[in-house]
Every structure is written in C-alpha cells, then in structure tokens.
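Trainee: got a structure for you, letters missing:
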C-alpha cells in the first residue's frame, strides 16, 4: 500500500504524513528539505537555480519510489513525483524562471522516469486557500521560505487545481484543510482518517 500526500507549500503535507504513518503504522517518507543543496540558492536566485532544483527533486523522488517498490513496505509519502512535473516546473517556465530548453529536457527525463514507476494506491490532495498557506508558512519559520510571494503561491494553487481535476493515475481523495487543524485537534484528524478508510 502506497498513500501519497499532495498539496501546495504550507498545506500540511509533512504534518499529516507523520500523523498518518503513526496511525496506520506505515513507513513515512518525506521531502529532502534539510539536505537539499539547492533550496536556499533557488529562493535567492530562482532563474539561475530552477533547473538544478527540479532535477534534484526528480532524482530524489524517483529513487524514493524505486525503493518503495523494492522493499514492499506500506508507505505514506510526503509529496509526489507528479507535482514537480505538473505544477512547479511548468510554473517556473511560465514565470520566465526556466528556459524552454531546460523545461523540455526536464520533461523528457520525467516522462522516461514515469514509465518505470507505479502510481500511488491513493493520492490525498490537501486543498488550501492562500491565507491559510501564508499563515502556516510563517508559523514554521523556514528562512528560505521568507521570500515566497502570494502571487507565487496563487499560481501554484491554480496549477494544483488544474492537475487534480485531470488526475487519473489512481484513487483520489480531496480534503479541504482551511477549517481543519488536524495537528492540534484529534477529531479533525479522525475526520481525515475516516475518509481515507472509506477509500482504501
């Protein structure tokens, strides 16, 4: 069983992954944020480092999925391989922060990798409005996220919604998280768990 958690920056993916891994006794897998050698540079100079960052994420997530398939464990994954290719990289291209040449190269590599990987058994999409995302980003206080603009988050949100609307790689569960505090409120977490139980 492979459950993947998708959503914009600040939607609560990592927190929910930890809580669900504990509840279901699944192995949690997380974004390689602390070890990522490009994040600080990217947020400081997006145009220069966008391709490097996307390749790093693609490589990291592909290796993660290949490991899932080898070890056969029950997995909950924080963010999917699809999000970079369908949301982040196209957004960088549209904003003029990645060249067409780099995007085409990246997309070609993603398409090849995607042909080797199995989709998650369930994709849980955390839908969130911009005010909630901004609030959560400020609460966690990561230095490299201080420069993220509301316009950037809004563009990502639009792409997430477009991607989710056409997602057909497997089972999908959409959870509106604006009115939920599943970290502090056990009953809110139980609402999510009940929804997942019904799907799986």
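Mentor: Received it, and whenever you're ready, just let me know what you need. Note that the structure is predicted; figures quoted are calculated from it, not measured. Numbers count the residues shown, from 1 in each chain.

Trainee: and the lowest-mean-pLDDT helix or strand in the chain, what other elements does it pack with?
Mentor: Ranked by mean pLDDT, DSSP states H and E, the weakest helix or strand in the chain is helix 130-140, scoring a mean of 82. Contact partners of helix 130-140 among helices and strands, from 3 or more CB pairs under 8 Å, 6 or more residues apart in numbering; DSSP states H and E: helix 150-166. All C-beta atoms are positioned from the backbone trio N, CA, C, and that covers glycine.

Trainee: Just the buried positions in the helix it packs on, please.
Mentor: 152, 153, 155, 156, 157, 159, 160, 163, 164 (16 or more other CB atoms under 10 Å).

Trainee: what sits up against the following helix or strand past that helix?
Mentor: For helix 150-166, the succeeding helix or strand toward the C-terminus, using DSSP states H and E, is strand 171-176. Residues from elsewhere that reach strand 171-176 (CB atoms under 8 Å, 6 or more residues apart in numbering): 121-128, 164, 192, 195-196, 199-200.

Trainee: So which elements touch the helix or strand following strand 171-176?
Mentor: Downstream of strand 171-176, the first helix or strand assigned by DSSP H and E is helix 186-199. On a contact count with 3+ CB pairs under 8 Å, 6+ apart, helix 186-199 meets helix 13-24, strand 122-127, strand 171-176.

Trainee: Which neighbouring elements make contact with the longest one?
Mentor: Using 3+ CB pairs under 8 Å, 6+ apart as the contact criterion, the elements in contact with helix 13-24 are strand 2-7, strand 27-29, strand 75-78, strand 122-127, helix 186-199.

Trainee: can you tell which of these is closest to residue 115?
Mentor: Nearest to residue 115, of all those, is strand 2-7, at 17.4 Å by CB to CB.

Trainee: in stretch 9-25, what's buried?
Mentor: Across stretch 9-25, burial judged by 16+ other CB under 10 Å covers 9-17, 19-21, 24.

Trainee: shaky segments in this structure?
Mentor: Counting by pLDDT under 70, the ranges of the chain that qualify are 32-34, 140-147.

Trainee: What's the separation between the residue lying closest to residue 87 once chain neighbours are set aside and residue 59?
Mentor: Closest residue to residue 87 apart from its sequence neighbours, by CB to CB, 6 or more residues apart in numbering: residue 159 at 4.3 Å. Computed as CB to CB, to the nearest Å, the residue 159 to residue 59 distance reads 22 Å.
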